[in-house]
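Enquirer: what follows is a predicted structure for the sequence shown.
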Amino acid sequence: MTCHLAILHEPYLSRILSGEKTIESRWLKRRVAPYARVAAGDTIYLKQASGLIVAMAQAAEIWQFDDLTPARVDELLARFGDRLRLEPDFADHARGQRYAVLIKLADVQLLPQPLSFRQRGRSGWVILDYRLQIAD
């Protein structure tokens, strides 16, 4: 199993924490993480953009798509939209991407103590070499 760090902007982080957003998605121009790097059973830590790691979840199911066209993106948004809970203007962004990774989240838990993380670069997804030590 691998551990990941997903950097999330609002309102998406709050929607995951409230349980209304059950699928996290990454829409990509190139095959970069998490494409082909996340698997069911992996741990995903959830970090506020420019903030702290506040929660963790398990990847329950993964869907990956490549060679996307605007029409195919629209099909995916129609199929998964109610669980993605994306902002209305997000479709324009997604239509310009070639790859998508959709991750069904399970067992979302707030951390007992938020954690800081010094990120290198601006990627919205980081593969961790270790499991974070969480004090109960």
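Expert: Cool, got the structure. Numbering: from 1, shown residues only.

Enquirer: show me which strand runs longest in the chain.
Expert: In the chain, taking DSSP state E as the definition, the longest strand is strand 99-115.

Enquirer: buried set for that one?
Expert: Of the residues in strand 99-115, 99-105, 108, 111 count as buried by neighbour count, 16 or more other C-beta atoms under 10 Å. (C-beta placed from N, C-alpha, C; glycine too.)

Enquirer: and stretch 55-69, by the same measure?
Expert: 55-59, 62, 65, 68.

Enquirer: pick out the residue closest to the middle of the chain.
Expert: Centroid check for the chain by C-alpha atoms, centre = their mean gives Glu24 as the closest residue, at 4.0 Å.

Enquirer: is it in contact with Ile7, as I believe?
Expert: No - under the criterion of C-beta atoms under 8 Å, Glu24 is not in contact with Ile7, lying 11.0 Å apart.

Enquirer: please enumerate the helices of this protein.
Expert: With DSSP state H as the criterion, the chain has helices at 12-18, 70-84, 90-94.

Enquirer: okay, the angle between the second one and strand 99-115?
Expert: For the pair helix 70-84 and strand 99-115, the angle between their directions (axes from the mean of the first three to the mean of the last three C-alpha atoms, to 10 degrees) equals 30 degrees.

Enquirer: show me what helix 70-84 is packed against.
Expert: In terms of contacts (3 or more C-beta pairs under 8 Å, 6 or more residues apart in numbering; DSSP states H and E), helix 70-84 is packed against strand 23-28, strand 53-65, helix 90-94, strand 99-115.

Enquirer: please redo it, this time with the cut-off set to 7 Å
Expert: If contacts are counted by 3 or more C-beta pairs under 7 Å, 6 or more residues apart in numbering; DSSP states H and E, helix 70-84 sits against strand 23-28, helix 90-94.

Enquirer: next one: the first one
Expert: Packing contacts for helix 12-18, counted by 3+ C-beta pairs under 7 Å, 6+ apart, involve strand 43-48, strand 99-115.
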